[in-house]
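[1] Coordinates only, no sequence provided:
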């Protein structure tokens, strides 16, 4: 086990917040030159850190604590009726796991997704360099869950497998299939995979109560949130 108190941490200058209008954000990140393994990644995730590419970071905004780390305890997760319907609706979708996610097929789907679903976000316009830098890492933890319908790739959920958990990094999918709720389906499949691997949690990143794009995470219950250096069940 790594002594996290010995890690070198850096902090950014204030910059516009990606989630809340008229807010400035400050980000704390781990020294990018250190060697990261699954155990260190597990410890940092349990302390509220996330991954973007090969960078491990955590919000450190002096006047705002809106970004709250969230995770699902897989063994006690209870799907809602709507989530059960989503699983049933996608029974014809086949899921496989790949260690490689940088194929032309993957990027084509990612490009369509960003162009049609997130043209107003800071990931637009997409590029191959952005795709590779954002989703890849060199730690041997990343898995690409491929979802296919009649052989066609319709969704990819990028996740990291740590010592005791999966971390949902990013999901992109075919924007022409809205009735399938592929984003929901991908999270549900990652919860199922977490439990089948004997892991404890699925990390979902940051829950932000006042941001519609991040508020959906409370639809997965029970949900644990990291508050005052402790993981607590979020009350309804």
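    In hand now; what should we look at? Source: prediction; values computed, not measured. Numbering: from 1, shown residues only.

[2] what's the burial count for residue 182?
    25 (other CB atoms under 10 Å). From N, CA and C alone the C-beta is placed, and that goes for glycine too.

[3] for it, what are its contacts?
    Going by CB atoms under 8 Å, 6 or more residues apart in numbering, residue 182 touches 90, 147, 154-155, 171, 173-174.

[4] Would you agree residue 75 is in contact with residue 199?
    No - applying CB atoms under 8 Å as the test, residue 75 and residue 199 come out as separate, 9.4 Å apart.

[5] who has more neighbours, those two?
    Taking other CB under 10 Å, residue 75 and residue 199 do not tie; residue 199 has more neighbours (17 against 12).

[6] for the protein, what spans make up the helices?
    Secondary structure of the chain (DSSP state H): helices at 38-46, 81-89, 104-117, 128-135, 182-196, 212-215.

[7] Distance from the chain centre to the third one, please.
    In terms of CA atoms, centre = their mean, to the nearest Å, the centre of helix 104-117 is set 17 Å apart from its chain centre.

[8] Can you pull the phi and psi angles for residue 162?
    Phi and psi for residue 162, reported as degrees, to the nearest 10, are phi -110, psi -170.

[9] Then residue 21?
    Backbone torsions of residue 21, given as degrees, to the nearest 10, read phi -70, psi 150.

[10] what's the neighbour count on it?
    Counted with other CB under 10 Å, the neighbours of residue 21 add up to 8.

[11] if I look at it, how far off is residue 12?
    The gap separating residue 21 from residue 12 is 19 Å, by CB to CB, to the nearest Å.

[12] Report the residue ranges of every domain in this protein.
    Here the domain parsing of the chain from automatic domain parsing is 4-67, 70-99+142-233.

[13] which residue sits closest to residue 169 in space, ignoring its chain neighbours?
    Spatial nearest neighbour of residue 169, chain neighbours left out: residue 158 (4.4 Å); criterion: CB to CB, 6 or more residues apart in numbering.

[14] partners of that neighbour in the sheet?
    On the basis of DSSP bridges, residue 158 is bridged to residue 144, residue 170.

[15] Surely it touches residue 132?
    No - the pair residue 158 and residue 132 fails to qualify as a contact (CB under 8 Å) at a distance of 11.9 Å.

[16] more neighbours, the two?
    Using other CB under 10 Å, the more surrounded residue of residue 158 and residue 132 is residue 158, with 23 against 13.

[17] mind checking pLDDT for the more buried one?
    Predicted confidence (pLDDT) for residue 158: 96.

[18] what residues are up against it?
    Contacts here follow CB under 8 Å, 6+ apart; on that basis residue 158 touches 101, 135, 142-145, 168-171.

[19] how about a cut-off of 7 Å?
    Residues near residue 158 by CB atoms under 7 Å, 6 or more residues apart in numbering: 101, 135, 142, 144, 169-170.

[20] next one: residue 142
    Residue 142 makes contact with 136, 158, 160, according to CB under 7 Å, 6+ apart.

[21] Make a markdown table out of the helices of the chain and add distance to residue 205.
    Below are the helices of the chain laid out as a markdown table (distance: least, CB to CB, whole Å):
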| stretch | distance to residue 205 |
| --- | --- |
| helix 38-46 | 10 |
| helix 81-89 | 19 |
| helix 104-117 | 17 |
| helix 128-135 | 13 |
| helix 182-196 | 11 |
| helix 212-215 | 8 |
